[in-house]
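Trainee: need a 3D model of the sequence below.
(2 chains)
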Amino acid sequence: MAERAGHRLAEGVRAYRLVAGMWVRSTMAYRASFVMTTFGNFAATFLDFVAIMLMFSRVDALGGWPLPEVAFLYGLSAASFGLADLLIGSMDRLGRRVRDGTLDTLLVRPAPVLAQVAADRFALRRLGRVTQGALVLGWSLTRVDVHWTAGRLLLMPVTVVSGCGIFCAVFVAGAAFQFVAQDASEVQNAFTYGGTTLLQYPPTVFAKELVRGVTFVLPLAFVNWLPATHVLGRPYPLGLPGWLAWAPPLVAVGCCALAGLAWRTGLRSYRSTGS
Amino acid sequence: MGAGRLYAAVAAGGFRRYATYRAATAAGVFTNTVFGLILVSTYRALWDERPHLGGYDEAQAVTYVWLGQAFLSTLAIGGGGVEDELMERIRTGDVAIDLYRPADLQLWWLAADLGRACFQLLGRGLVPFVFGALCFPVYLPADAGRWAAFLGAVVLAMLVGFGIRYLVALSAFWLLDGTGVVQMAWLLGFFCSGMLLPLNVFPGALGEVVRVLPWSSLLQAPTDILLGQADPLPTCLFQAAWAVALLGAGRLLQSAATRRVVVQGG
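Mentor: Have a look, this model is predicted:
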């Protein structure tokens, strides 16, 4: 059983690499366009940070957090989301494939559908977003006042990778929802783009109910809020224990498993348009 | 009279076309509401820190957020108006069909875009705004005259918004692939219209510059009229001046484009 699952996974990764590689080669046929769109992607995400900088041109703290610490939150959120967006961000096109019937093509190919949909239109230009998040994170690390221990240093890459996993789960769950919703693909933007925007601001800014919702229901808080409050030595608004800062990997695995189930249910319920 | 009926029919078609996709509209309403909730929280934290920032009190800042969410798709500030389709028609050569219709190209697309904008305002803008007004302390004037001036300013904002996007679309006659221009227009529009942050909160000279650019006619001008922060008459004149200038520029560019155009395809 485990052997078969492992085999499926290897097959999926191989299919993903082949499809993504094809899209990279196709992108590189227009190098100037690639450079421009990557820069555009970088600039578009930079705009979010410009809004924060403009706010801090008028105030010294937001919800009690100074600029470097907000930048720290921003960097963690943007880097995790950027990686997820780079890896499987094209999944929000699934609704269109369901509507025009091109999903059928993917179903008859001898490769896992999830891998094919995830790699579909793989867009290397999304490196722009990752780069922007990483730059802000790097800048904030030179400014925040943290007593770095080995554990806290290790927590940084763990947080970014787990955050990427949590956002990937949101993308997959959103795509599964599109089997039912089709036209309503914009709903998932509220959780993907909305989620990363939410996490760029300190939890103290938001109402307690909202913080509870993104901690216990849709656990986006594990992307950066919980690890960051621990590293910065700030209290988390809900008074949760400090060891939860190390929970993100577990949360990510749990989210991905649930999203995988949702995907399976969605795919099984799929009825072709027949065109 | 006949021409007026033609463009009214085109506008009604634009309205009906967008009204067809109900699930997409509901999804958009949901997303705008979620973003509104996030922005309201950050704005309230900002105004807690600095009350009366930019001359707004907290209720006015909250109203600003919900008006922004209502206008985002109405004025196509983040793109998504008829210009996408027009650019595609220019690229594929289908624009030739538009050009030999017994109708003016600019007025045809203006009518279609106004129809779209009216639907987006009613279908997508109204619900998040009402939700915001019910759930948060907002500033709504009791003066009917101010609401009338506000609605006038919204119509002018639709004209200015189309004026900008028509110029963007016509660039496809020269560039064919307008992806880069659309992206630049989107970035500029988002930043300069006040979608990120009200323009009167922008610091120093930057604030003064963005307030005279055409994008300030989109969100900032109607909002300031409703919030009683701006005198309606000069504000509307400012918007009207930009509308005339942009639509005039669009007309010039259109005649230049149609003189030199070599239609793609066979």
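
Trainee: how about the residues of the stretch 51-200 of chain B that lie near chain A?
Mentor: Contact residues (C-beta under 8 Å from any C-beta of the partner chain) of the stretch 51-200 of chain B with chain A: B:L53, B:D177, B:T179, B:G180, B:Q183, B:M184, B:W186, B:L187, B:F190, B:F191, B:L196, B:L197. For every residue, glycine as well, the C-beta is placed using N, CA and C.

Trainee: what's the ChimeraX line that selects buried ones from the residues you listed?
Mentor: To isolate the buried ones among those in ChimeraX, judged by 16 or more other C-beta atoms under 10 Å in any protein chain shown, type:
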select /B:53,180,183,184,186,187,190,191,196,197
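
Trainee: any residues of the stretch 101-250 of chain A in contact with chain B? List them.
Mentor: A:181-187, A:189-191, A:194, A:197-198, A:201, A:204-207, A:210.

Trainee: give me the buried entries from those.
Mentor: Using 16+ other C-beta under 10 Å as the burial test, these include A:181-187, A:189-191, A:194, A:197-198, A:201, A:204-206 as buried.

Trainee: count of neighbours near A:L258?
Mentor: 13 (other C-beta atoms under 10 Å in any protein chain shown).

Trainee: next structured bit after whatever helix or strand A:V172 lives in?
Mentor: In this structure, A:V172 is located in helix A:150-181 according to DSSP states H and E. The first helix or strand that comes after helix A:150-181 along the chain, using DSSP H and E, is helix A:187-191.

Trainee: residues in contact with that following helix?
Mentor: A:92, A:170-171, A:174-175, A:177-178, A:181, A:218, B:27, B:30-31, B:34-35 (C-beta atoms under 8 Å, 6 or more residues apart in numbering or on different chains).

Trainee: any chance of CSV for the residues you listed, columns distance to B:V82 and pLDDT?
Mentor: What follows is those, written out as CSV (distance: C-beta to C-beta, whole Å; pLDDT from 0 to 100):
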residue, distance to B:V82, pLDDT
A:D92, 23, 82
A:V170, 32, 95
A:F171, 30, 95
A:G174, 28, 92
A:A175, 29, 91
A:F177, 29, 90
A:Q178, 25, 88
A:A181, 25, 79
A:L218, 35, 94
B:A27, 20, 91
B:F30, 24, 95
B:T31, 21, 94
B:V34, 26, 95
B:F35, 23, 95
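
Trainee: filter these down to the buried ones, ChimeraX style.
Mentor: ChimeraX command restricting the contacts of helix A:187-191 to the buried ones, with burial defined by 16+ other C-beta under 10 Å:
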select /A:92,170,171,174,175,177,178,181 /B:27,30,31,34,35
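
Trainee: okay if I get the contacts of helix A:187-191 as TSV plus distance to A:V35?
Mentor: TSV is the format used below for the contacts of helix A:187-191 (distance: C-beta to C-beta, whole Å):
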residue	distance to A:V35
A:D92	25
A:V170	30
A:F171	26
A:G174	30
A:A175	29
A:F177	35
A:Q178	32
A:A181	36
A:L218	36
B:A27	33
B:F30	36
B:T31	31
B:V34	34
B:F35	30
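
Trainee: now for the contacts of helix A:187-191, which pair is the farthest apart?
Mentor: Distance extremes for the contacts of helix A:187-191: the farthest pair is A:A175 and B:F35 at 20.8 Å, using C-beta to C-beta.

Trainee: return the distance of A:A111 relative to chain B.
Mentor: Remark: distance between A:A111 and chain B (C-beta to the nearest C-beta, to the nearest Å) = 30 Å.

Trainee: show me the contacts for that residue.
Mentor: Taking C-beta under 8 Å, 6+ apart as the test, what A:A111 contacts is A:E11, A:G12, A:R14, A:A15.

Trainee: isn't the second one right next to A:A115, touching?
Mentor: This means A:G12. Yes. The criterion here is C-beta atoms under 8 Å, and A:G12 meets it with A:A115 at 4.0 Å.

Trainee: compare the two (neighbour count), which wins?
Mentor: Taking neighbours as other C-beta under 10 Å, A:G12 and A:A115 compare with A:A115 leading, 23 against 18.

Trainee: verify the contact between the more buried one and A:L18 for me.
Mentor: No. A:A115 is beyond contact range of A:L18, at 9.2 Å (criterion: C-beta under 8 Å).

Trainee: contacts for stretch A:3-16 next, please.
Mentor: With C-beta under 8 Å, 6+ apart as the criterion, stretch A:3-16 contacts A:A111, A:P112, A:L114, A:A115, A:Q116, A:A118, A:A119.

Trainee: so which bits of that stretch are buried?
Mentor: Buried-residue list, stretch A:3-16, by 16+ other C-beta under 10 Å: A:G12, A:A15, A:Y16.

Trainee: out of those residues, who's nearest B:G115?
Mentor: A:Y16 (42.8 Å).

Trainee: quick check: next helix or strand after the helix or strand containing that closest one?
Mentor: Using DSSP H and E, A:Y16 maps to helix A:2-28. Next in sequence after helix A:2-28, counting helices and strands by DSSP H and E, comes helix A:31-56.

Trainee: so for that next one, what gets flagged as buried?
Mentor: A:34, A:36-38, A:40-42, A:44-46, A:48-49, A:51-52, A:54-56.

Trainee: who's in contact with A:M36?
Mentor: Counting by C-beta under 8 Å, 6+ apart, the residues that A:M36 touches are B:G180.

Trainee: and if you look at the one 5 residues further on?
Mentor: Contact partners of A:N41, counting by C-beta under 8 Å, 6+ apart, are A:R125, A:R126, A:L127, A:G128, A:R129.

Trainee: chain B: which of the buried residues of stretch A:3-16 is nearest?
Mentor: Nearest to chain B out of the buried residues of stretch A:3-16 is A:Y16 (C-beta to the nearest C-beta; 25.8 Å).

Trainee: now residue 77, what are its backbone angles?
Mentor: I went with chain A, as the question did not name one. In terms of degrees, to the nearest 10, the main-chain angles of A:S77 are phi -60, psi -50.

Trainee: my question was about chain B, not that one.
Mentor: Backbone torsions of B:I77, given as degrees, to the nearest 10, read phi -60, psi -40.

Trainee: confidence score at residue 247?
Mentor: You didn't pick a chain, so chain A it is. Listed pLDDT for A:A247 reads 95.

Trainee: correction: the question concerned chain B.
Mentor: Reported pLDDT for B:L247: 97.

Trainee: for B:M184, see how far away it is.
Mentor: For B:L247, the distance to B:M184 equals 21 Å [C-beta to C-beta, to the nearest Å].

Trainee: ditto for B:L226
Mentor: 30 Å.

Trainee: low-confidence ranges, chain A, go.
Mentor: Residue ranges of chain A with pLDDT under 70: A:1, A:274-275.

Trainee: and the most centrally placed residue in chain B, its phi and psi?
Mentor: Geometric centre of chain B, nearest residue: B:L75, 1.9 Å, by C-alpha atoms, centre = their mean. Dihedral angles of B:L75 (phi, psi; degrees, to the nearest 10) stand at phi -90, psi 10.

Trainee: let me see the contact set for the residue nearest to it when sequence neighbours are not counted.
Mentor: The shortest distance from B:L75 to any non-neighbouring residue, by C-beta to C-beta, 6 or more residues apart in numbering or on different chains, is to B:G161 (4.2 Å). With contact set as C-beta under 8 Å, 6+ apart, B:G161 has these partners: B:L75, B:A76, B:I77, B:G81, B:A117, B:L218.

Trainee: buried stuff in stretch B:46-55?
Mentor: B:L46, B:W47, B:E49, B:L53, B:G54.

Trainee: for stretch A:232-248, that is, sorry about that
Mentor: A:L232, A:R234, A:Y236, A:P237, A:L240, A:L244, A:A245, A:W246, A:A247, A:P248.

Trainee: nearest residue to A:R126 in space, please, no chain neighbours.
Mentor: A:L86 (4.3 Å).

Trainee: okay then, goodbye and thanks.
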